[in-house]
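Peer 1: got a sequence here, can you build the structure:
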Amino acid sequence: MSPETRLITRLLTALKEKDPETMASLYHPEATFRDEVFELQGQEIGAMWHMLCSRGKDMTLTFGDICSPEAGKVNGHWEPVYTYGKTGRSVHNRIDTAIEVRDGKIWRQTDSFSFWRWSSQALGMPGLILGWTPFLRAMVKRKANETLHQFIQERQANAG
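Peer 2: Numbers count the residues shown, from 1 in each chain. This is a model prediction of the structure:
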């Protein structure tokens with residue numbers, strides 16, 4: 001097993017175990033993360049995993065199809081199943097991840113999934129009808145980022 005394959009396996013195992021501290025430790029200090037909702041860098045990434053793990057109490061996760069197409073890169077597939085907190089609806093997301101590694105840490109992570117499929121499950125009829133539109137995508141991104149930054153501020157206030 002390549003170092004890159006071990007790294008992504010550790011990341012997804014930690015997510016499955018809801019262990020955001022381990023997840024955060026796997027990222028390079030200058031890492032970037034991007035998916036259909038978030039575009040983050042540095043410590044924001046660890047905070048996102050803390051938020052998602054703390055709120056995803058019923059989440060289950062499977063993963064596989066891990067391969068390292070070349071040195072410094074690894075791809076994988078993961079599928080979380082959870083209750084979306086804002087609506088109480090069940091979501092089964094299918095996510096492909098592409099990771100670049102630098103200095104033994106995750107340097108760049110790009111996750112991709114069908115936003116329309118996700119929004120149809122998470123939001124119900126509004127997501128089904130509007131999930132393909134830039135309007136709904138922008139609204140979800142804005143709200144998710146506001147929620148993350150509020151989560152970060154609350155953690156900092158509780159720590160100090």
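Peer 1: what about this protein, any weak spots by pLDDT?
Peer 2: Within the chain, the stretches with pLDDT under 70 are 160.
Peer 1: do a quick rundown of the strands in it.
Peer 2: 27-34, 39-41, 60-70, 73-84, 89-92, 95-102, 105-112 (DSSP state E).
Peer 1: with distance to residue 138 and mean neighbour count added, can I get those strands in JSON lines?
Peer 2: Placement of C-beta: from N, CA and C, glycine included. Below are those laid out as JSON lines (distance: least, C-beta to C-beta, whole Å; neighbours: other C-beta atoms under 10 Å):
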{"stretch": "strand 27-34", "distance to residue 138": "15", "mean neighbour count": "17"}
{"stretch": "strand 39-41", "distance to residue 138": "12", "mean neighbour count": "15"}
{"stretch": "strand 60-70", "distance to residue 138": "28", "mean neighbour count": "14"}
{"stretch": "strand 73-84", "distance to residue 138": "18", "mean neighbour count": "18"}
{"stretch": "strand 89-92", "distance to residue 138": "20", "mean neighbour count": "14"}
{"stretch": "strand 95-102", "distance to residue 138": "20", "mean neighbour count": "18"}
{"stretch": "strand 105-112", "distance to residue 138": "18", "mean neighbour count": "18"}
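Peer 1: tell me where the longest helix sits in the protein.
Peer 2: helix 134-159 (DSSP state H).
Peer 1: so which elements touch it?
Peer 2: helix 43-55, helix 115-123, helix 125-130 (3 or more C-beta pairs under 8 Å, 6 or more residues apart in numbering; DSSP states H and E).
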